[in-house]
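Participant: Coordinates for the following, if possible.
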Amino acid sequence: EEKLNLDDSQWEDIHVVTGALKMFFRELPEPLFPYCFFEQFVEAIKIPDNATRIKSIRNLVKKLPRPNYDTMKILFEHLQKIAAKESVNLMSTQSLGIVFGPTLLRPEKETGNMAVHMLYQNQIVELMLSEYSKIFG
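Facilitator: Numbers count the residues shown, from 1 in each chain. Okay, here's the model as predicted:
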């Protein structure tokens, strides 16, 4: 409820804003992609056929709790706009997947598959950004 003056010089560094956004999502009691959905999203991203993979991700997104879905839709819409300006900000869908994947989507208990999970986390976010209209449209 605090009023922020975004013209204040402390907000000029985009890394401050991005860091705050990532910290917000990281400190939620449960990730934006709820723990119980983690394995389902991982299995969906492994589907070899692109159309089937997109459909599976879309179906999972539709099953999310309404607050998660609404937040995700707004966040991914914003991240898609960032990716659209990749030539200026150097943030491609792949880069955004690397930055936001592990923050938004993680298993409840870390196992020895951490590196493999990170790859899938990144790919899920990247797919959702590149296919935003098919997933949220």
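Participant: Beyond the biggest helix by length in the chain, next helix or strand please.
Facilitator: When the chain is scanned for its longest helix (criterion: DSSP state H), the result is helix 66-84. Later in the chain than helix 66-84, the nearest helix or strand by DSSP states H and E is helix 86-89.
Participant: if I look at the residue nearest to I47 when sequence neighbours are not counted, how far off is R106?
Facilitator: Computed as C-beta to C-beta, 6 or more residues apart in numbering, the closest residue to I47 that is not its neighbour in sequence is R53, at 4.1 Å. Backbone N, C-alpha and C define where each C-beta goes, glycine included. Using C-beta to C-beta, to the nearest Å, R53 is found at 20 Å from R106.
Participant: so who does the residue most central in space within the chain touch?
Facilitator: Central residue of the chain (C-alpha atoms, centre = their mean): V125, 4.6 Å from the mean position. By C-beta atoms under 8 Å, 6 or more residues apart in numbering, the contact set of V125 is L96, G97, F100, G101, L104, L105.
Participant: Just name the closest of those residues to P67, please.
Facilitator: L104 (14.1 Å; C-beta to C-beta).
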